[in-house]
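Visitor: this one's sequence-less:
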């Protein structure tokens, strides 16, 4: 009788108090990148700077705001994989790159330049079934299969790259004003966490200023996404329009809330998109704290003309946009093009040497 009178203890009752951890609104690099979005900072690729190496194609991209060039590198890798790296061309010091996750000897495929117009470059792996279209202004990359774009990179113009700067005190001593933010008030700098970020009793000092990176990807015709473990969420990833992004930041907590985008024991920056007849994936190689936003636009029908009883209609495919934002490091991303789920697993395992070939 006594046992029956006891209150049932739910999972929610045992969940850790989330207020002891930062939510997205309290993460400085996330706020900075979100504030950048409405400003639409435009990057363009300088196609005149292209150099073709044995294993990659390299070119500069530059922002109309900073005028500081970045170096972009596109690699073709065996098993229908493309790799894109974006780094500062001349960083103040080497930016962190993950050293021990990828197979030491990746089999590369030489990319061949095809004909394109004056404002674009087309790269192919020689087979011809996959093409990489690089648009110059604004900078955008489309992975095209059978004349249809499968994945687009920076189609929303959300490429974001913060350049390392000389130490704050040294800049003040030297009177160096390079890379200073538009609003240099002390209050604004503290709010954006440019040189120092506080949460509770913790203080994170950024000796070389902010260094976050971000980029958007669009999956054409896809509305089902999976991956980026570990989260106590549904198997299929959800839209994040509620302002709560998926957080890749390991937390060793005994009790965690279910159906929540908060990170738990591990973080794997690997995401799959699936539709009938095609599966693709992204592996975002960055070890720093990372936030992922997802937004799916369903397919719709647009009326092309209102003339006559049988108005012509055009169906616009669904599209899912994914935005990756990391606190530091470089942009280093692998695009796995499938086309089947089995191919995706083989492609991913060939990168990370987990033995499944």
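Guide: Yep, that arrived. Just so it is clear, the structure is predicted and the values come from calculations on it, not from any experiment. Numbering: from 1, shown residues only.

Visitor: Residue 149: how many residues sit nearby?
Guide: Residue 149 has 18 neighbouring residues, counting by other Cβ atoms under 10 Å. C-beta here means a position set from N, CA and C on the backbone, and glycine is covered the same way.

Visitor: Where does the spatially closest residue to residue 151 that is not a sequence neighbour sit: helix, strand or coil?
Guide: Of all residues not flanking residue 151 in the chain, residue 143 sits nearest, at 4.5 Å (Cβ to Cβ, 6 or more residues apart in numbering). Secondary structure state of residue 143, per DSSP: H, G, I helix; E, B strand; the rest coil, is strand.

Visitor: List the contacts of residue 143.
Guide: 82, 130, 131, 132, 133, 149, 150, 151, 152, 153, 335, 337 (Cβ atoms under 8 Å, 6 or more residues apart in numbering).

Visitor: can we see that at 7 Å?
Guide: 82, 130, 132, 150, 151, 335, 337 (Cβ atoms under 7 Å, 6 or more residues apart in numbering).

Visitor: try residue 217
Guide: 151, 153, 282, 322.

Visitor: want to try TSV for those residues, with neighbour count and distance to residue 120 as columns?
Guide: Listed next are the contacts of residue 217 as TSV, based on neighbours: other Cβ atoms under 10 Å; distance: Cβ to Cβ, whole Å:
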residue	neighbour count	distance to residue 120
151	24	17
153	24	14
282	23	23
322	25	24
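
Visitor: Strands - which of the residues you listed land there?
Guide: If you go by DSSP state E, the contacts of residue 217 have 151, 153, 282, 322 in strands.

Visitor: Report the contact partners of the residue nearest to the second one when sequence neighbours are not counted.
Guide: With Cβ to Cβ, 6+ apart as the measure, residue 141 is the residue that lies nearest to residue 153, at 4.1 Å, once sequence neighbours are left out. By Cβ under 7 Å, 6+ apart, the contact set of residue 141 is 84, 132, 133, 134, 153, 154.

Visitor: hang on, residue 285 packs against residue 330?
Guide: No - using Cβ atoms under 7 Å, residue 285 makes no contact with residue 330, being 8.9 Å away.

Visitor: Ramachandran angles for the nearest residue to residue 156 once chain neighbours are set aside?
Guide: Spatial nearest neighbour of residue 156, excluding adjacent residues (Cβ to Cβ, 6+ apart): residue 216 at 4.5 Å. The phi/psi pair for residue 216 (degrees, to the nearest 10) reads phi -110, psi 150.

Visitor: how many neighbours does residue 216 have?
Guide: 21.

Visitor: what's the answer for residue 99, then?
Guide: When neighbours are counted by other Cβ under 10 Å, residue 99 comes out with 7.

Visitor: What are the neighbouring residues in contact with it?
Guide: So residue 99 contacts nothing (Cβ under 7 Å, 6+ apart).

Visitor: helix, strand or coil for it?
Guide: Residue 99 ends up coil, using three-state DSSP.

Visitor: separation between it and residue 52?
Guide: 27 Å (Cβ to Cβ, to the nearest Å).

Visitor: and residue 48, what element?
Guide: strand 43-52 (DSSP states H and E).

Visitor: For the helix or strand just after that strand, name the packing helices and strands.
Guide: Tracing the chain past strand 43-52, the next element assigned as helix or strand by DSSP H and E is strand 57-63. Packed against strand 57-63, as judged by 3 or more Cβ pairs under 7 Å, 6 or more residues apart in numbering; DSSP states H and E, are the following elements: strand 43-52, strand 70-77.

Visitor: To what extent is the closest residue to residue 334 other than its chain neighbours buried, counted in neighbours?
Guide: Take residue 334 and drop its neighbours on the chain: the residue closest to it by Cβ to Cβ, 6+ apart is residue 283, 4.2 Å away. By other Cβ under 10 Å, the residues close to residue 283 number 22.

Visitor: do the same with the one 10 residues further on
Guide: Residues near residue 293, counting by other Cβ under 10 Å, number 23.

Visitor: partner residues bridging it?
Guide: Beta bridges link residue 293 to residue 323 when assigned by DSSP bridges.

Visitor: correct me, but residue 152 touches residue 138?
Guide: No - applying Cβ under 7 Å as the test, residue 152 and residue 138 come out as separate, 11.8 Å apart.

Visitor: hmm, back to that, any idea how far the strand holding residue 48 is from the middle of the chain?
Guide: Centroid separation between strand 43-52 and its chain, computed with Cα atoms, centre = their mean, to the nearest Å, is 22 Å.

Visitor: before we move on, back to that, any chance of CSV for the contacts of residue 217, columns pLDDT and distance to residue 23?
Guide: Putting the contacts of residue 217 into CSV (pLDDT from 0 to 100; distance: Cβ to Cβ, whole Å) gives the following:
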residue, pLDDT, distance to residue 23
151, 98, 30
153, 98, 28
282, 98, 24
322, 98, 20
